[in-house]
Structure formats: C-alpha cells, structure tokens
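Visitor: Below are the sequence and a predicted model; questions follow.
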Amino acid sequence: MADLELQEDELDSLQYIITDIEIKRKYTDAGETFCVVPFSALNDVVSLEITLPLSYPTEQPVIVVPECQIGPLGFDQKKAAKKQPKLLAVAQRAIDDAVNLFTPGLGMIYDVYSSVQVVVEQFIENSKQPKSTKPKIQAPTRELEIRQSDPIVVMKSKFIAFSCRVYSPSDFTAFWDAITTQPRHADVTHHIAAYIMGDEKDSFYDDDGEHGGSIGMLKMLLDMKKRNLAIIVARWYGGKKLGPQRFRIINNMAKEAIQLWDD
C-alpha cells in the first residue's frame, strides 16, 4: 500500500476509535496532509497539530501542541498562567517520547495521541486535587473471578481479552499470574494490561512490547468510569503486521471485557 493510502487508513482508524470528536484534515499546496486532533474531554484546551509529509509513514511526521488554554477548565487566571507552560512541557515531552520510538513504515499517530491524552488528563486532575495525607486502605485479597471474551482472529493474529475485579496490587498480580502462566499462553506475543483501583491515581498500564496498546485501555476505563477492574488483552502474533488497526482491535476487545461486568 502506498504511503498516502496508509496515511488515510491510519487517520480513518483513529477517527473510528475516537468517535466523539472530529479530526480536521486539509492538504497543503505541497500535497502534505495537515490535521488537527483535539482531545475528547479537552476540546478548545489541548489539541495536536500534525503535518504528514508525502512519504509518511516511511518518513517521520511533524507533531506539535499549540498554545494550551486551561482557563476553561476552572483554574483562575493567575493559576492558569502558571500552569500553562508546565502543561505544554508535559504534552510536548509525551510527544517527544513517542516520536523517539518511530519505526519507518509503521503508523504512530494513535501512539502519540494516547500518550498525550493520558499525561495531560493526569496533569490537570493532579493540579486540581489537593494532596491527601490519609493512608490508603486496601481491601483484603480474595478469590478472583476472571471473565473472558470470545477470541477473534485477524490476519492470523488471535486476540482474547480477560477482566477481573481487583482491590489491591496483589490482586492484580494474582490475576496476571493466573492468565500468563496457563500453558496455552506460553506462545503469547503480548499481554497488554491496564487497571484502575478506587482512586484514579492508583492506575497501571503495561504494553508488554505492543507500544501504545495499553494507554487506550486505561483511557477506556477512565471514560467508562470503571474502578477496581483490570483488563488483559492477549495477542498471538500471526506473522502479518496489522498496522494501526491493531489498536482498534485491542480497544474493542478491552471494551468487550469491561462490558462482561455490566450484569
């Protein structure tokens, strides 16, 4: 597939994942694709400006965060003026970290989007909340109930999602061990995981080599307001690269695993 087709496919995939916002696209005189990607919970506050050269994803894109306006988020003018430069720095650092992992031929827009979304939302949340000195109370570890999605196979790669109620890090460790030590998981390529305890600060995500895969799962838990729930999506690599659509698949599997607890 030509680079321009890959660009359109990647942007279409991203739009499919983040259906509550609109990705604005236009084309420069040189034929480059320029798009503005706002964040669902942060419209008019933070967005990405992305320029895709004609040769992207063979060539690296240019991604910047324009000036952040955090006044609408409830900060007074004086406090907002102090925090805006820090917020810009946090967002730009997340971009730089993702761009440093760029691999020619592989799309990276969703990786960057997810990275910035998580760090910016955490920055704003932490800025609003006073620091608590109360000790955290953990429920005792109990027998775990693990639920499993139906498997799907895409281009010979197989995906299965698992979910479990967790109330402490030791619960998650027990859940992780229960899944990853099964004989059929010996040849799993990635175990992509995320969880949130009662407090949003007690969150965790791990790509297990599938860079950018777990951040979207954590965001889904946040958006769906699910607490004390852990997800693991197992992927058996089938020998063919799936490109950006792998994130859509991982997120769909994670959503299915979350909904298993809607009873």
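Guide: That came in fine, so what should we check first?

Visitor: Tell me how many other residues crowd Ala257.
Guide: 24 (other CB atoms under 10 Å). (Each C-beta comes from the backbone N, C-alpha and C, glycine too.)

Visitor: That one: which element?
Guide: If you go by DSSP states H and E, Ala257 is part of helix 245-259.

Visitor: looking only at pLDDT, what's the mean for that helix?
Guide: Across helix 245-259, pLDDT averages out at 91.

Visitor: what comes up buried for that helix?
Guide: Residues of helix 245-259 classed as buried: 245-258 (neighbour count, 16 or more other CB atoms under 10 Å).

Visitor: This protein - how does it break down into domains?
Guide: Structural domains assigned to the chain are 3-128, 146-259, following automatic domain parsing.

Visitor: Lowest average pLDDT across these?
Guide: Among the domains of the chain, domain 3-128 has the lowest mean pLDDT, at a mean of 74.

Visitor: Tell me where the stretch 1-150 of the chain has strands.
Guide: Remark: strands assigned in the stretch 1-150 of the chain by DSSP state E, counting those that start in this stretch are 24-27, 33-38, 47-52, 62-64, 146-148.

Visitor: Pick the most buried one from these.
Guide: strand 47-52 (a mean of 20; mean count of other CB atoms under 10 Å).

Visitor: what's in contact with that strand?
Guide: Residues outside strand 47-52 that contact it (CB atoms under 8 Å, 6 or more residues apart in numbering): 7, 28, 32-39, 61-66, 95, 109, 112-113, 116.

Visitor: Centre of the chain to that strand, how far?
Guide: How far strand 47-52 lies from its chain's middle: 18 Å, per CA atoms, centre = their mean, to the nearest Å.

Visitor: cool, and stretch 95-103?
Guide: Distance, centroid of stretch 95-103 to centroid of chain: 15 Å (CA atoms, centre = their mean).

Visitor: in it, what's buried?
Guide: Ile95, Ala98, Val99, Phe102.

Visitor: go on, stretch 217-229?
Guide: Buried, per 16+ other CB under 10 Å, within stretch 217-229: Met217, Leu218, Lys219, Met220, Leu221, Leu222, Lys226, Arg227, Asn228, Leu229.

Visitor: quick one on the thing from earlier: distance to Pro151 added to the buried residues of helix 245-259, as TSV?
Guide: As requested, those are exported to TSV (distance: CB to CB, whole Å):
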residue	distance to Pro151
Gln245	17
Arg246	15
Phe247	18
Arg248	16
Ile249	12
Ile250	13
Asn251	16
Asn252	13
Met253	9
Ala254	14
Lys255	15
Glu256	11
Ala257	12
Ile258	17
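
Visitor: any idea which of those residues is the one closest to Tyr167?
Guide: Proximity of the buried residues of helix 245-259 to Tyr167 was ranked by CB to CB; the top entry is Ile258 with 16.8 Å.

Visitor: Identify the residue spatially nearest to Asp206, adjacent ones excluded.
Guide: Spatial nearest neighbour of Asp206, chain neighbours left out: Ala193 (4.8 Å); criterion: CB to CB, 6 or more residues apart in numbering.

Visitor: can you give me the strands for the stretch 151-263 of the chain?
Guide: With DSSP E, counting those that start in this stretch as the criterion, the stretch 151-263 of the chain has strands at 152-154, 157-165, 190-196, 203-206, 229-236.

Visitor: Make TSV from those and add distance to Phe172 to it.
Guide: Formatted as TSV, the strands of the stretch 151-263 of the chain follow (distance: least, CB to CB, whole Å):
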stretch	distance to Phe172
strand 152-154	24
strand 157-165	8
strand 190-196	6
strand 203-206	7
strand 229-236	5
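
Visitor: Of all the ones you listed, which one is nearest Pro183?
Guide: It's strand 229-236; of these, that one is closest to Pro183 (CB to CB) at 13.1 Å.
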